[in-house]
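S.K.: Provide a 3D model corresponding to the input given below.
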Amino acid sequence: MSANTSYMLLEGCDKKNYTELKDELYPFTAEDLSNLKRYHSLNYVKSKEGYTRFITNMPSPIMKKSEINDG
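M.R.: Numbers count the residues shown, from 1 in each chain. Here you go, the predicted structure:
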């Protein structure tokens, strides 16, 4: 971990990543991370007031133009 850094732990990431940030991610648990749905992330983000923790639903991948035309 380095100073003033924000983190996003994506669905499916290694549990070791959670372990390194366990204290900062509280009250979220390793179980919360392992139960994330597809395209979700557990976040530890620096803001004006300090750090905040939350889960986000990220956008799903954008289809390539060739994939749309093959439809």
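S.K.: now the strands for the chain?
M.R.: 7-10, 40-47, 50-57 (DSSP state E).
S.K.: Report the buried residues of the first one.
M.R.: When burial is assessed from 16 or more other C-beta atoms under 10 Å, strand 7-10 yields the following buried residues: 7, 9. C-betas here are computed from N, CA, C, even on glycine.
S.K.: Could you pull up the mean pLDDT of it?
M.R.: The pLDDT scores in strand 7-10 average 92.
S.K.: closest to Asp23 out of the strands of the chain?
M.R.: Closest approach to Asp23 among these (C-beta to C-beta): strand 40-47, 10.3 Å.
S.K.: Which other helices and strands does the longest helix along the chain contact?
M.R.: If you go by DSSP state H, the chain has its longest helix at helix 15-25. Under the contact criterion of 3 or more C-beta pairs under 8 Å, 6 or more residues apart in numbering; DSSP states H and E, helix 15-25 touches strand 7-10, helix 30-34, strand 40-47, strand 50-57.
S.K.: nearest to Glu24, of those?
M.R.: Using C-beta to C-beta, the helices and strands packed on helix 15-25 put strand 40-47 closest to Glu24, at 5.3 Å.
S.K.: quick one: low-confidence parts of the protein?
M.R.: For the chain, the stretches with pLDDT under 70 are 1-2, 67-71.
S.K.: Give me the residue at the spatial middle of it.
M.R.: Geometric centre of the chain, nearest residue: Ser41, 2.5 Å, by C-alpha atoms, centre = their mean.
S.K.: What residues does the nearest residue to that one once chain neighbours are set aside make contact with?
M.R.: Excluding the flanking residues, the one nearest Ser41 by C-beta to C-beta, 6 or more residues apart in numbering is Met8, at 4.5 Å. Contact analysis of Met8 by C-beta atoms under 8 Å, 6 or more residues apart in numbering lists 41-43.
S.K.: about what we covered before: with distance to Leu21 as added columns, please give the strands of the chain in CSV.
M.R.: Below are those laid out as CSV (distance: least, C-beta to C-beta, whole Å):
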stretch, distance to Leu21
strand 7-10, 6
strand 40-47, 6
strand 50-57, 10
